[in-house]
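In: I'd like to go over a predicted model; first the sequence, then the structure.
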Amino acid sequence: MNKKVLIPIIIVGLLLVAGIAYLAVSLNKQKEENRAMQELAEMDKKEMENEYQQFARQYSEMKTQINNDSIVAQLTAEQERTQQLLEELRRTKSNDAREISRLKKELATVRAVLRSYVLEIDSLNRLNQNLKDENNRMRGQYEEATRQIEGLNTEKASLSEKVAIAAQLDAIGINLTLKDKKSKTTEKLKKAKALQVSFSIAKNVTAPSGMKTVYVRITSPTGAVLGGGGTFSYENRNLECSMKKTIEYTGNETPMTLYWNITQSMVEGTYKVSIFADGNMIGSKNFSLK
């Protein structure tokens, strides 16, 4: 009788020990995934802070090189706005997705405004040569204009760096769609056989034309990357991507659509789509899948 009682007790004890061990391993794995997600969020926030700081510095540099009081006043206002957004970002926690998303949209606006000023100054610089030719015939009439344009000549070297920033690509209209086995759109994650990511590379006349490889990285609610697209270099490290595609960019708006085939169990929750090109993150957006 003692053996008949003892054996079930031992079996139950072993099952309890195995269950506890499994729970401990699962908890540790979840902690690691959460830590990786937090590191990516911190990296994203740090990149935004660096861009805001860089834009604020460039506004300051541009003010010292412009003799037009009206333009200087406009640059000052934009610099103060950029600095204010930077302070808001510094006070925002990296896990505050809504505020980070808002500040990321503001960052795109700041970049566009800076780009417009770079183009305006570059346009004035190109006008310089034409006015010099006119100055040979009408020196007296264009004396004041010539002095302003000669001041722009000293800016030409520093403008190249600002133009490079203005030339950064932007991914717009990012969308994540579920496709079933008939390639039709579905709202049900359990019926989906593929993820369709569509977006456009925005028009940018300052960006260099040519062949460009665009990388798409999809992160699951657990922080895991939906891999299969290889790796790419970003911030001095190699990141895994979900998909990639090489296109010929001509400076005009370029639509793109990529597909990721579902070969694993998908969990419900928030998925993040991040897009990279030329060593920069050019766009990201979160999607709730059920």
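Out: All right, it came through fine.

In: hey, let's count contacts and neighbours off CA atoms from now on
Out: Fine.

In: hang on, I201 packs against T257?
Out: No: the pair I201 and T257 fails to qualify as a contact (C-alpha atoms under 8 Å) at a distance of 11.0 Å.

In: of those two, who's got more company?
Out: Between I201 and T257, I201 has the larger neighbour count (other C-alpha atoms under 10 Å), namely 21 against 13.

In: separation between the more buried one and K245?
Out: Separation of I201 from K245 (C-alpha to C-alpha, to the nearest Å): 12 Å.

In: Same question for L119.
Out: As judged by C-alpha to C-alpha, L119 and K245 stand 30 Å apart.

In: which of these two has more neighbours?
Out: Using other C-alpha under 10 Å, the more surrounded residue of L119 and K245 is L119, with 18 against 13.

In: tell me which element that one falls in.
Out: For L119, the host element (DSSP states H and E) is helix 97-137.

In: chain center to that helix: distance?
Out: Relative to the centre of its chain, helix 97-137 is centred 21 Å away, using C-alpha atoms, centre = their mean, to the nearest Å.

In: helices and strands around that helix, which ones?
Out: helix 2-64, helix 69-91, helix 143-153, helix 156-166 (3 or more C-alpha pairs under 8 Å, 6 or more residues apart in numbering; DSSP states H and E).

In: model confidence over the longest one, on average?
Out: Model confidence over helix 2-64, given as mean pLDDT, is 72.

In: could we number from 146 for the rest of this?
Out: Sounds good: first residue 146 from here, last item helix 147-209.

In: distance of the nearest residue to K435 once chain neighbours are set aside from R282?
Out: Excluding the flanking residues, the one nearest K435 by C-alpha to C-alpha, 6 or more residues apart in numbering is E413, at 4.9 Å. Per C-alpha to C-alpha, E413 is found 73 Å from R282.

In: same check, this time on E251
Out: Distance from E251 to R282, counting by C-alpha to C-alpha: 47 Å.

In: The two - which one has more neighbours?
Out: Comparing E251 with R282 by other C-alpha under 10 Å, the one with more neighbours is E251, at 14 against 10.

In: Need the per-residue pLDDT for that one.
Out: In this model, E251 is scored at 85, pLDDT.

In: where does this protein dip in pLDDT?
Out: 146-149, 167, 169-186, 266-270, 272-277, 284-291, 293-309 (pLDDT under 70).

In: go with 80
Out: Scanning the chain for pLDDT under 80 picks out 146-190, 207, 210-214, 217, 231, 234, 239-240, 242, 248, 262-312.
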